[in-house]
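> Structure, please.
(2 chains)
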Amino acid sequence: MSTETTAHNGAASAGSDAAPLELREVVKRYPGAEKPAVDKLSLEVPAGEICVLVGPSGCGKTTAMRMVNRMIDITDGDILIGGKSVRDRRPAELRREIGYVIQQIGLFPHRTIGENIATVPHLLGWDKQRTGARVEELLEIVGLPADFRDRYPSQLSGGQRQRVGVARALAADPPLMLMDEPFGAIDPINRERLQNEFLRLQAELRKTIVFVTHDIDEAIKMGDRIAILQEGGILAQYATPAELLMYPASPFVEDFVGSDRALKRLALQRVRDIDLWTAPIVRIGEPVSEVKAKLAEADLEIPLVVDDDGRPTGWLSDRGLQGERVREDFRSPAEPVVELDDILRDALSDLLQADSQYGPVVDKDGRVAGVLSMEALSHALTVPADQVPSATELAAEA
Amino acid sequence: MDLGYAPILAQLGDDFFSNREGAAEKCPGNNGLCLGWIADNFSDYMDPFWEHVLLSIVPLAIGFVIATSLALFAHRYRVAQPFFLALVGALFTIPSIAFYLILLNITGRGFGTAVVVLTAYTQVLIYRNVMTGLQEVPAETVDVAHGMGLTRRQIMFRVELPMALPTIFAGLRIAASSTVGIAGFAFFAGAGGLGGEIFSDPAFKGNVVTASVLMILLATALELIVLAVQRLCTPWERAVAS
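Residues are numbered from 1 along each chain as shown, chains lettered A, B, ... in the order given. Just a heads-up that it's a prediction; the model follows:
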């Protein structure tokens, strides 16, 4: 037992793998307040997953997060990181092992980017060489040029500062990260980019992350699991995004996820994840008899003409089949063209915009891989929740 | 400075040559102001000048240490804030001559007494700016420092104090020039300085102008030195987006 503990400590100080997080009936009661801010909150976050705490303001989500690194004292219950209670730890030491990112980022303006990133390694007493190498590595991981190390925060854009904030939180390779609305202050375009970047990063790093947001769309996008809290810090539902959207546990959850929850589910899947239709693929000059055979086998009855490289050029009209060989006579162009990696929601939008019931799906090289139809899309919404991939899995696929 | 001197100053060049040879005791011909007299008697001002330098620098240094310590203490233990503010404010309201005369009975005459008074006057200027600087540090910066595992002491000395430096230096600059001015009364305590020269013959303009200009130069030099140190200590202030 004692050797095991020592070994675990050694791993933690040297940088470590993700640790599971468990909240056991955690209560936060402020003196003088009638109701607790967080009421008997129990959650288990498996190692390497993103748990999003989401809910309206005043639901205690930030309070719950801040009890994990003891920025706020726990009134009752317990929090365990890697099976060890945070209550037994000295707060400052505990915090050095937990990455911390907040909305305002809070970079130290009087320190260079390199010094900012090196904050925790410095506290842990790493030597210069190790710290320097780590700073270099982290700048690369978050996609910033190496010469940023000697700049000051005031010389960076909002998005760049946010990346530095994430790099700083990752510096000592913590097994757990706390992120409080980390992308909240970024404009929508950059936010989307940073979210995607972060999911890609997480697909590699596989940290255990507690992520606080008030935005249900961000929660669905970022979370492997989502904990919806309602006022008074009561857990309304804890489930994967797909489960949450398919089976909201209460009218509160149903209301909070929004009446467009079926559409939101479409954001959880990519075109490659669903059963695509087949279309008869034909080339100009091909014998019409062969086309007729293909028509009998395919899901769709309209031949899709492709060029020599297999790229879609248009849907063939009936006149194109009158004669010995296929003639170039299109009934309509092959639009919209959807990619295998597209999110279903975007693909649906493309179909609606082109006023079309179906569109050819192409792979990375632009070759036809199938056909996406409205029918296939609505069928995708009936896929059981446990077969819908999580955000990190989606990012890892792409 | 009195603008009434302007036409006289314009003549100074002429006087320097025409009156050089016959520089009388107090060159009465030019209403008591001529460069020749100043040039002949300038060395007499050097000792009071260096006394004045010490009377400015020593209280500033001691005052900076005390006021900053008070402010850091008050920042950590907020109950002390109103008490300290009232104290440093009250010190500043005591008229300097009265202050010297009160202290004469306690600490006697001399440099020490003057330093006590001048240090007391620096307190309100430096204390208030250190306090403001510490309070202006954004809450989120302190929060994130806390969240990364810095202790309270580390946050104070590695985050809050450095971030407050620009405001602290601003207070120090004001304190520097005001101390040079108030040190003009240090001769009441028998501590000499340029004020002693001025009051030794306040009717003679050559004397008053020389001593006053030296005080202005000293105040300017001290401000520039503080500014130079500030620039050295706060390189991030000069960092511009590229």
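> buried sites along stretch A:252-259?
If you call a residue buried by 16 or more other CB atoms under 10 Å in any protein chain shown, then stretch A:252-259 has these buried ones: A:252-254, A:256-257. Placement of C-beta: from N, CA and C, glycine included.
> Among those residues, which lie within helices?
Under the assignment DSSP state H, the buried residues of stretch A:252-259 contribute A:252-254, A:256-257 to helices.
> Farthest-apart pair in the buried residues of stretch A:252-259, please.
A:Phe252 and A:Val257 (9.8 Å; CB to CB).
> and for these two, which residues touch both?
A:Ile228 (CB atoms under 8 Å, 6 or more residues apart in numbering or on different chains).
> ok, B:Val159 - contacts?
Applying CB under 8 Å, 6+ apart, we find B:Val159 in contact with A:108, B:137, B:141-142, B:145, B:150.
> Considering the residues you listed, which is situated nearest to B:Ala221?
Of the contacts of B:Val159, the one sitting nearest to B:Ala221 (CB to CB) turns out to be B:Val137, at 31.1 Å.
> And B:Ile168, how close does it get to chain A?
Per CB to the nearest CB, to the nearest Å, B:Ile168 is found 13 Å from chain A.
> Please save the CA atoms from the one helix or strand that residue maps to in CSV.
Counting by DSSP states H and E, the element that carries B:Ile168 is helix B:161-182. Extracted in CSV, the C-alpha atoms of helix B:161-182 (Å, rounded to 0.1, in the frame of the first residue of the first chain):
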residue,chain,number,x,y,z
LEU,B,161,3.8,44.1,-6.4
PRO,B,162,5.5,43.9,-9.8
MET,B,163,2.1,44.7,-11.5
ALA,B,164,1.7,47.8,-9.2
LEU,B,165,5.2,49.1,-10.1
PRO,B,166,4.1,51.7,-12.7
THR,B,167,1.7,53.3,-10.2
ILE,B,168,4.2,53.0,-7.3
PHE,B,169,6.9,54.8,-9.4
ALA,B,170,4.4,57.5,-10.3
GLY,B,171,3.9,58.2,-6.6
LEU,B,172,7.6,58.1,-6.0
ARG,B,173,8.1,60.8,-8.7
ILE,B,174,5.6,63.1,-7.1
ALA,B,175,7.2,62.4,-3.7
ALA,B,176,10.6,63.2,-5.1
SER,B,177,9.8,66.7,-6.3
SER,B,178,7.7,67.5,-3.3
THR,B,179,10.4,66.4,-0.9
VAL,B,180,13.0,68.6,-2.6
GLY,B,181,10.6,71.5,-2.1
ILE,B,182,9.7,70.8,1.5
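> How far off centre is the helix or strand following it?
Next along the chain after helix B:161-182, taking DSSP H and E as the criterion, comes helix B:194-200. Helix B:194-200 has its C-alpha centroid displaced from the chain centroid by 18 Å (CA atoms, centre = their mean, to the nearest Å).
> Which strands and helices lie in contact with helix B:194-200?
helix B:46-76, helix B:205-233 (3 or more CB pairs under 8 Å, 6 or more residues apart in numbering or on different chains; DSSP states H and E).
> Setting the sequence-adjacent residues aside, check what's closest to the spatially most central residue of chain B.
Against the mean C-alpha coordinate of chain B, by CA atoms, centre = their mean, the closest residue is B:Ala176 at 2.4 Å. The shortest distance from B:Ala176 to any non-neighbouring residue, by CB to CB, 6 or more residues apart in numbering or on different chains, is to B:Leu222 (4.1 Å).
> Residue numbers of chain A in contact with chain B?
Within chain A, the residues that sit near chain B (CB under 8 Å from any CB of the partner chain) are A:69, A:71, A:92-96, A:100, A:102-111, A:119-120, A:123, A:151-152, A:154-156, A:168-169, A:178.
> Pull out the buried residues from stretch A:130-142.
For stretch A:130-142, by 16+ other CB under 10 Å, it's A:131, A:134-135, A:138-139, A:142.
> what about A:Ser154, how many neighbours?
Using other CB atoms under 10 Å in any protein chain shown, A:Ser154 has 15 other residues around it.
> Apart from its neighbours in sequence, what residue is nearest it?
Per CB to CB, 6+ apart, closest to A:Ser154 is B:Ala239, 5.6 Å.
> How about A:Arg325?
A:Gly285 (5.3 Å).
> Might one say that A:Arg87 is in contact with A:Asp78?
Yes - under the criterion of CB atoms under 8 Å, A:Arg87 makes contact with A:Asp78 at 6.3 Å.
> related to what we said a few turns ago, tell me which entries of the residues of chain A next to chain B lie within strands.
A:100, A:102, A:178 (DSSP state E).
> how close does the last one get to A:Ile50?
Same thing as A:Leu178. 11 Å (CB to CB, to the nearest Å).
> Now the helix ranked longest in chain A: average pLDDT?
Ranked by number of residues, the top helix in chain A under DSSP H is helix A:188-205. The pLDDT scores in helix A:188-205 average 89.
> list the helices and strands that helix packs on?
By 3+ CB pairs under 8 Å, 6+ apart, helix A:188-205 packs against helix A:158-170, helix A:216-222, helix A:391-397.
> ok, and for that helix, which residues are buried?
A:191, A:194-195, A:197-199, A:201-203, A:205.
> Columns distance to A:Thr240 and pLDDT on top of the ones in helices among the buried residues of stretch A:252-259, output as CSV?
CSV is the format used below for those (distance: CB to CB, whole Å; pLDDT from 0 to 100):
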residue, distance to A:Thr240, pLDDT
A:Phe252, 18, 94
A:Val253, 13, 93
A:Glu254, 16, 92
A:Phe256, 16, 92
A:Val257, 13, 90
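> For stretch A:58-72, give me every contacting residue.
In contact with stretch A:58-72 (CB under 8 Å, 6+ apart) are residues A:21, A:23, A:26, A:28, A:37-39, A:41, A:53-55, A:73-74, A:79, A:81, A:86, A:89, A:91, A:94-95, A:98, A:100, A:176, A:178, A:180, A:210, A:212, A:214, A:229-233, B:143, B:146-147.
> what about 7 Å?
Residues from elsewhere that reach stretch A:58-72 (CB atoms under 7 Å, 6 or more residues apart in numbering or on different chains): A:21, A:26, A:28, A:37-38, A:41, A:53-55, A:74, A:79, A:86, A:91, A:94-95, A:98, A:100, A:178, A:180, A:210, A:212, A:229-231, A:233, B:146-147.
> Could you do stretch B:183-192 as well?
Contacts of stretch B:183-192 (CB under 7 Å, 6+ apart): B:48, B:51-52, B:55-56, B:96-97, B:100, B:103-104, B:109-111, B:113-114, B:118, B:193-196, B:198-199, B:215.
> cool, and stretch B:140-151?
So stretch B:140-151 is contacted by A:69, A:71, A:92-93, A:95-96, A:100, A:102, A:104, A:106, A:108, A:119-120, A:123, B:155, B:158-160 (CB under 7 Å, 6+ apart).
> Quick one, which of those residues are buried?
A:69, A:71, A:92, A:95-96, A:100, A:102, A:104, A:106, A:108, A:119-120, A:123, B:155, B:158-160.
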